[in-house]
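Enquirer: here is a sequence together with a model predicted from it:
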Amino acid sequence: WDLTFIMLNCLHALQPAVDLFVTLPSHQKDLARFKISDAEWSILQDYETILSMGAQLHVPHKVQQWMSSQARPTLSHAVPSFELFMTIWKKKTRRTPMYGATH
């Protein structure tokens, strides 16, 4: 999920340029079908929010980095990382119920 977060974060930052690029007359014939609608941008932003769990924390990113560290053993970090992830996720879903589990 780490690379997905980074990709979505960059895409979000470049949204105006992406929208402009696919609508340029010189590209319209080939790229118009790839224009991202407002609803699709909103969904992508939801994914970015879920993967970041808040701009100040980036918990999934931190957990991914922590668990894939090659400088130290990582098995001992599995349970604390998962607990951190779940604690932050529960707080997030209390503030934003739409990101909670579905049954």
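Expert: Done, it's in. Quantities reported herein were computed from a predicted structural model and do not represent experimental measurements.
Enquirer: helices along this structure, start to end?
Expert: Under the criterion DSSP state H, the chain contains helices at 2-13, 15-23, 25-31, 38-52, 59-67, 78-95.
Enquirer: please work out which of those helices is packed deepest.
Expert: Each of these was scored by mean neighbour count; the highest is helix 59-67, a mean of 17, by mean count of other Cβ atoms under 10 Å. No exception for glycine: its C-beta is placed from N, CA and C like everyone else's.
Enquirer: that older thread, now the helices of the chain in a markdown table, with mean pLDDT?
Expert: Output for those, formatted as a markdown table (pLDDT from 0 to 100):
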| stretch | mean pLDDT |
| --- | --- |
| helix 2-13 | 85 |
| helix 15-23 | 91 |
| helix 25-31 | 84 |
| helix 38-52 | 84 |
| helix 59-67 | 68 |
| helix 78-95 | 77 |
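Enquirer: what about residue 24, how many residues nearby?
Expert: Residue 24 has 10 neighbours, counted by other Cβ atoms under 10 Å.
Enquirer: check what pLDDT residue 14 gets.
Expert: pLDDT, residue 14: 94.
Enquirer: and it, how far from residue 41?
Expert: Applying Cβ to Cβ, to the nearest Å, the value for residue 14 to residue 41 is 12 Å.
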